[in-house]
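Q: Quick one, fold the following:
(chains A and B)
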Amino acid sequence: MKPSINLLEQAKQLGLRALTLVEGLRVGDQASPLRGFSVEFAQHREYVPGDDLRHIDWRGYARTERYIVKQYEQETNFTAHLLLDLSGSMAYGKAGQSKHEQARVLAAVVAHVAVSQGDAVGLKTLDEPGYTARLAQFQPSTKPDRLRLLLEQVTSLQPQAERESEQSVPVVAPAVRQLAERLTRKGVVAIFSDFFEPWQPLLAELHQLRARGQDVLLFHILHGDEIDLPWEGQVLFEDLESSGALITRPHLLRASYKAEIQKWQQKMQDSCTRLQIEYALVRSEAPPDDTVLTLLARRLSKRRIGRVS
Amino acid sequence: MQFLAPWMMLGMTAAAVPLVLHLLRRSKPMVVRFAAMEFLRKSVQETSKRIRFRDLILMLMRMGVLMLLAFAMARPTLSLISGSGPVDAAILVDVSRSMATVEGQSSRLEQAVKAAGALLDHLPKGSTARLFAVSDRVADLGIGQAGEFDSLREALANLAPTDRSGDLFPAFASAIDLLRSSPLSQRKVFLFSDMQPAGWQKQGDALRALAKNLPPATALHMVQTGTPVPSNLQVMSMSPVAGICFAGQRQAWQVRIQNQGDQPATDIVVHLGIADDPTGGETVRLDRLDGGEERAVAMDLLLPSAGYHPVLAKAGTDRLDRDNQLHKVIQARDRVRVLVVSGKSSMDGNRPAGFFLTHALRALVGDNSVGRLEVKEARPDRALPDFLDEADLLVLADPALAGPEGMRPDFLERITPWVKSGKPLWYFVGSNAANRADEKSHPLENLLYGLPQPVRPLAANQTQRLNHAAIPTGDWLGEFRTAPLDQVSQAEFKKITPITSSGNNAVARSLVRFNDGAPALLLAPLGNGLVVSAPWVPDLDFTDLPLRPSFVPLVQTLLAKTLEGAEDPRTLPVTGSLGIHLPSQESAKAGDFFWLAPGGVKLPVVTRKENDRLFCFNEAPMDKAGLWKLQSTGKSFQESDGLVAVQGAIDEGRELTPMQPAEIDDLFGLKVQHEQVTGDNLATWTTLGEISSRILPLVMLLFVLEALFAWWCGRPL
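A: Down below sits the predicted model:
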């Protein structure tokens, strides 16, 4: 599964706008918390020695007879950290429609857009402990060559169903915690996962991330089967992430199951709204174009957000 | 419960199909590797109990549908004798006359017998059955135990309808009494009857009282055979208009026919003739007889010679033929000589007290019989003992008992032995009876069971009339119940002792009473003879009775009955005892006799000597109407002397339409089980019929419910 050229072009044109103030190393398109001298006026302040005389507001001096320096918002680039869930549950779906493929596409699109606008992109794949061999981590880079390399390597990683442990282990929440502890600069964090793990711990970690001023995007990737439970008759369900299994007649549970899934998804969405986290539900078997473009466009029109307490 | 197609019960195994399908499907589930297991588990947790319950219900419904279907296909039949365990059954079979009514190809009794046989076949193992034949009496036909009912089947096969009336209460009482001591826990009384109202209307509240004291676990089953009969002809009576018959003389007869149904009968052929002579007699055709209508048909009959003749009246044919004919044994006489000893009329000295009576006697027989009925009149003081030698009947019409105008002592002395020799005496007591010498020593005292008293003056506002209602319906005077018998008397007997109406020792009985209860017409046997005494005079001085239309028939009836001899009847009701006196000249030995019953069955005869005559009777109860013939191997015995006509129960021809179950329930005061047997279900009536037709709708309903439920549960087939 690959993103279409059309999608990439359109996404590139829309760009990925950080809704928070980001702190980059280079001047870029994104708003920085640091005041500098740029195009976007920020505020006036008293002149102090050492200030560049070019920035003295002479008109203000004429009115007030005081040296006032005009400050402009500093525009910088951001660092986007992409967390790509490659746990067993992401393996669901036939070839071309699986969740991890969809996650890869989405991550690639986001990375491509970010790199193309000069932002740095780092990626970390998430998997269960003990499977570090499948893990990949790329330090943030703005270079397109690095991005290509990154994407090629990620493509080669396949999630594998874990059938040995008795219980599935959460992977997103630890990764988010680790990231939150490590990040020193404000940036963008995009998580691509089905989030089949306890929501409250994950939410707490997301809260921490947001409290540190990170702009968080959740790409909630589910397969249609996981939403609609389409099977009939007697079905043996084997857990993709543990040795658990369940025999049941799904059509008898369908209504109840769908209600549960909807409730869970709604709860996630509400929590994200409260934490000002961008949330997008993506069906793995459907092209992601609309979802991605809508998200990017929506971000353009959104007001800047601050950090949460 | 029985099954007409029991092999279909194998279909019950189909009930396992849903279970097997369930297990088969369970054994090969589709495997899906799935991620959202947590939500799946939560849903299962939430819904599993409900789903399991619904599944269980659904499976039970499906199994129920299949089982019920197999059950229905096996054609189950419910049995009347439900439950396990032996039954103590009392089987009452009605053998009254109405059971001879034809129902298609068989009679009601034949149907009842078949139905009772089917009951015996279906009684549970170890059951006991008792069989009773029921008419107006109960005959215990035996008991079968532990399922051995061969003797009962034989007894059933031998049952034949009688000509007796039905009275069901004694049968129920006997059966329930026997069941009371039954050691078995289930007791049942089965009555096989046409449920003719006549059998139920004699019990009053007795049945209700009986039903209240039923032994525990006793069920009453009324098994009705027979269908409504729209019309039924019955010959009610026949009699010579003159009351007596003379040999060689064609005489007028009256045959009374009634249609006892409620629909008209048409084209009725009425025949009157001598029973043994089918070619003789007279036939009259009636176009129509409405329902409930009774008609007297005038016919002629010639009895060729003196002696007893069996006369038979027949009227058409219908479903109950036995009451379409009536037998009577009539004595034809060469002549009848009547000696009338008449006292003076109290009003008219020139007219004797027996004036009207004499003329009534002469009027009876018409012109042809002049000379056959010879009436000789004599004044009391001129009646000689020799006159009695030439008399067949003596009539004392208020003669003076003593005095110069009274009867001569030698005449008086002769009367008693004359009567005892077998002659009849009529004694009408009037005011002349007051004139007598001494009550105690009067020779007539023995005849009259009390001496007549002088005329009792009645007050101006007092009237005395014959009490019609006091005449028993079954009596030969019963026809006068509705006739207007007016004021007749002011006289009375001082003592009438004893007067009883029945019993072997009866010496006198009251035929008619006055409205104040006093006897108005007494009948008393005396030796072989008979005395009819009346404390009134058939004279206009006392009453206008002689001018009434009923006077001549009354005299006629008296004449016919008393001439026959009260103790020697040749026509009997079936409810009576069969017995006749042979003429005194008969000297054959008792062992020579036998009874030839209607149908040709020979029965033994019991004999005993009575007043120098031989009384021949039958100890067994008589239950067949028709001609019974006492026959003898003795050469001197004339066959006509041994003829007896037996007449069936007259009430059995009425209301052949069965009683309604609700009416019977009302009589018992409780709801009893009612069954109807016909030609179609005689062998299977104990099985209440196939219930497949009742089960199939249930199967359909359950199937529809199952489908709806399955659809609702999301588990269609």
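Q: quick one: low-confidence parts of the stretch 151-300 of chain A?
A: Counting by pLDDT under 70, the ranges of the stretch 151-300 of chain A that qualify are A:160-166.
Q: in it, which spans are strands?
A: With DSSP state E, counting those that start in this stretch as the criterion, the stretch 151-300 of chain A has strands at A:188-193, A:215-222, A:235-239, A:245-248, A:278-283.
Q: which of those is buried the deepest?
A: Across the strands of the stretch 151-300 of chain A, averaging neighbours per residue (mean count of other C-beta atoms under 10 Å in any protein chain shown) puts strand A:188-193 on top, at a mean of 26. For the C-beta atoms, the positions are set from N, CA and C on the backbone; glycine is no exception.
Q: quick one: the helices in the stretch 201-309 of chain A?
A: A:224-228, A:250-274, A:289-301 (DSSP state H, counting those that start in this stretch).
Q: who touches stretch B:64-78?
A: Stretch B:64-78 has contacts (C-beta atoms under 8 Å, 6 or more residues apart in numbering or on different chains) with B:1-12, B:14-15, B:17-18, B:684, B:687-692, B:695-696, B:698-699, B:702-703, B:706.
Q: List buried residues within those.
A: B:3, B:8, B:11-12, B:14-15, B:18, B:684, B:687, B:690-692, B:695, B:698-699, B:702-703, B:706 (16 or more other C-beta atoms under 10 Å in any protein chain shown).
Q: which residues in chain B form helices?
A: Here chain B has its helices, by DSSP state H, at B:16-27, B:37-73, B:108-122, B:150-157, B:169-180, B:197-200, B:206-212, B:355-365, B:385-389, B:409-420, B:445-448, B:551-564, B:661-668, B:692-713.
Q: Okay, angle between the last one and helix B:37-73 too, please.
A: Interaxial angle of helix B:692-713 relative to helix B:37-73 (axes from the mean of the first three to the mean of the last three C-alpha atoms, to 10 degrees): 170 degrees.
Q: Do I have it right that B:Ser106 meets B:Gly679?
A: Yes: if you go by C-beta atoms under 8 Å, B:Ser106 and B:Gly679 touch, sitting 7.1 Å apart.
Q: Chain B against chain A: which residues are in contact?
A: Residues of chain B lying near chain A by C-beta under 8 Å from any C-beta of the partner chain: B:25-26, B:28-44, B:46-47, B:51, B:713-715.
Q: Enumerate every residue touching B:Val20.
A: So B:Val20 contacts nothing (C-beta under 8 Å, 6+ apart).
Q: Quick test: name the residue nearest the centre of chain A.
A: A:Ala190 (1.1 Å; C-alpha atoms, centre = their mean).
Q: residues touching B:Arg322, list them.
A: B:Arg97, B:Ala100, B:Pro161, B:Asp163, B:Ala625, B:Gly648.
Q: do the same with B:Leu670
A: Going by C-beta under 8 Å, 6+ apart, the list of residues near B:Leu670 reads B:Ala211.
Q: Run a quick neighbour tally on the nearest residue to B:Thr482 once chain neighbours are set aside.
A: Leaving aside its sequence neighbours, B:Thr482 sits nearest to B:His468 (C-beta to C-beta, 6 or more residues apart in numbering or on different chains; 6.8 Å). Counted with other C-beta atoms under 10 Å in any protein chain shown, residues neighbouring B:His468 total 17.
Q: Looks like B:His468 contacts B:Leu477 (just checking).
A: No: with contact defined as C-beta under 8 Å, B:His468 does not reach B:Leu477; the gap is 9.8 Å.
Q: What is the neighbour count of whatever residue of chain B ends up closest to chain A?
A: In chain B, the residue that lies nearest chain A is B:Ala35 (3.6 Å; C-beta to the nearest C-beta). The number of residues packed near B:Ala35 is 27, by other C-beta under 10 Å.
Q: How about B:Pro124?
A: There are 17 residues near B:Pro124, going by other C-beta under 10 Å.
Q: List phi and psi for it.
A: Main-chain torsions, B:Pro124, degrees, to the nearest 10: phi -60, psi 160.
Q: dump the residue contacts of the nearest residue to it once chain neighbours are set aside.
A: In this structure, B:Pro124 finds its nearest non-sequential neighbour in B:Pro86, 5.4 Å apart by C-beta to C-beta, 6+ apart. Applying C-beta under 8 Å, 6+ apart, we find B:Pro86 in contact with B:Leu123, B:Pro124, B:Lys125, B:Gly126, B:Ser127, B:Thr128, B:Leu184, B:Gln186.
Q: ok, now B:Arg362?
A: Per C-beta under 8 Å, 6+ apart, neighbours of B:Arg362: B:Leu373, B:Val375.
Q: hang on, isn't B:Gln677 packed against B:Trp685?
A: Careful, residue B:677 is Val and not Gln. Yes: B:Val677 is within contact range of B:Trp685, at 4.6 Å (criterion: C-beta under 8 Å).
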